[in-house]
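[1] kindly generate the corresponding structure for this input.
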Amino acid sequence: MGVELLEGAVRFFNNNRGKRFGFVMTESGEDLFFHFNQGRRPVLTADGVYLGGKTPERDPEPGDAVRFELSEGRKGVRAGIWCYASDYEKLSRLVVKRTRFRAVNGTGPALETGDEKELEKFFLSFCDQRVKSFEAPTMKFQRMNPLGNWVEWVPSDEVFLEVPCYRIVKTTRFFNRCEPMETVAWSGSRTKDLVKDHPIRKGGVGDFLPLEFRDFSTDFRFQEMDTRGNWNPWHDPRPLPYETLRFELPTAP
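    Numbering: from 1, shown residues only. Just a heads-up that it's a prediction; the model follows:
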C-alpha cells in the first residue's frame, strides 16, 4: 500500500514447469524480468486497492496489460509484485464509486455528497455557527472507506485554517441570580489577531471592587475548537493587566 505501480504489457512468458518467467515491456520501452510466483490478485482494503491476494488464476499471455512494482534482483532492476491491469482497474472503479461523504446530526444525515469540497463548505458553515454556541456539538462528519464503512472525516490543515477556532468566553455571575450569563467576547482564526487587536487581557469590572460594593463578578476563558466542533480549554497568550503594570510601577528608592 502506498507503493507506486507502473504499467506495462507482457512481451514474453515461458510457462514450462520450473520456469514460469517472462518479460514485461514498460511504457518507456524497457524490458523487465518478472516471475509468475510474484503475481498477486488485488484485494480491497480500508486503505484502497492492495496487491496482497493469491497468485493469479491463469498464466500471463503476450499482450496482457499488467501493473507492477519495481524491485532489485541479482541482475539489476526487475518487476516485483504484479497483477493484471483489468483486475486492478475493476477494484479501483469500485473505490471511486464507494467514496462518499456525509454530515450526520441527531435525527439523521444533514448532508450526503460525493464531493469532498461540498462537505468542506458545510463544515465551515457549521463551525461559524459553533462560535456563539455553548452546547455540545450534534454534528458528525464522516467519509466512507473502500470497504463501505463510515469512519470519521477530518478536515485538512488548509480547511481548518479558515475556521474561527479560538474564542474568549465572558462569564458574568450575578449574586441575585442562580445561572451565570455567558457571551463571546472575541473569536478568530489566529491567536496573533487577538494579540494584535487586544494586546492586554481584560479583567472583569467587578473584580477590582471590594465585595461589599459589587453585585456581580466576571471572568474570561480562552478556548480552542477541535476538528469535531468541541470547545476545549486553552491558554490565553496575552499577559494579564497586573503583569503589564508590574513593569510600569516606579521602583522604591
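[2] would you check that Lys54 makes contact with Arg40?
    Yes: the criterion here is CB atoms under 8 Å, and Lys54 meets it with Arg40 at 7.4 Å. (Glycine included, C-beta is placed from N, CA and C.)
[3] those two - which one has more neighbours?
    When neighbours are counted by other CB atoms under 10 Å, Arg40 comes out ahead of the other of Lys54 and Arg40, with 20 against 9.
[4] distance of the more buried one relative to Pro164?
    48 Å (CB to CB, to the nearest Å).
[5] do the same with Phe23
    59 Å.
[6] could you do Leu119 as well?
    18 Å.
[7] who has more neighbours, the two?
    Leu119 (23 against 18).
[8] need phi/psi at the more buried one.
    phi -70, psi -40 (degrees, to the nearest 10).
[9] so it touches Val104, yeah?
    No: judged on CB under 8 Å, Leu119 makes no contact with Val104 at a distance of 11.4 Å.
[10] where does the protein have low pLDDT?
    For the chain, the stretches flagged by pLDDT under 70 are 1-3, 46-47, 95-99, 146-147, 176-178, 199-216, 240-253.
[11] which residues in it form helices?
    Remark: helices assigned in the chain by DSSP state H are 85-98, 116-130, 157-160, 191-197, 241-245.
[12] okay, those in TSV with distance to Asn145 next?
    Listed next are these as TSV, based on distance: least, CB to CB, whole Å:
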stretch	distance to Asn145
helix 85-98	8
helix 116-130	14
helix 157-160	20
helix 191-197	34
helix 241-245	50
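[13] of those, which is nearest Thr218?
    Evaluated over the helices of the chain, closeness to Thr218 peaks at helix 241-245, with 13.4 Å, by CB to CB.
[14] can you pull up the most central residue in this protein?
    Nearest to the geometric centre of the chain sits Val154, at 3.4 Å (CA atoms, centre = their mean).
[15] residues in contact with the spatially closest residue to it that is not a sequence neighbour?
    Leaving aside its chain neighbours, Val154 sits nearest to Thr227 (5.3 Å; criterion: CB to CB, 6 or more residues apart in numbering). Contact analysis of Thr227 by CB atoms under 8 Å, 6 or more residues apart in numbering lists 154-155, 160.
[16] comparing the helices of the chain, which comes out most buried?
    helix 116-130 (a mean of 16; mean count of other CB atoms under 10 Å).
[17] just the CA atoms of that one, as CSV, please.
    Extracted in CSV, the C-alpha atoms of helix 116-130 (Å, rounded to 0.1, in the frame of the first residue of the first chain):
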residue,chain,number,x,y,z
GLU,A,116,-15.5,16.4,-0.5
LYS,A,117,-15.4,20.2,-1.4
GLU,A,118,-19.1,20.4,-0.6
LEU,A,119,-18.6,18.8,2.8
GLU,A,120,-15.8,21.2,3.5
LYS,A,121,-18.1,24.2,2.9
PHE,A,122,-20.8,22.6,5.1
PHE,A,123,-18.1,22.0,7.8
LEU,A,124,-17.0,25.7,7.7
SER,A,125,-20.6,26.8,8.0
PHE,A,126,-21.1,24.5,11.0
CYS,A,127,-18.0,25.9,12.7
ASP,A,128,-19.3,29.5,12.2
GLN,A,129,-22.4,28.6,14.0
ARG,A,130,-20.4,26.9,16.8
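[18] relative to the whole chain's centre, how far out is it?
    14 Å (CA atoms, centre = their mean, to the nearest Å).
[19] give me the residues contacting that helix.
    101-103, 110-111, 113, 137, 139, 141, 143, 153, 155, 159, 162-165, 225, 229, 231.
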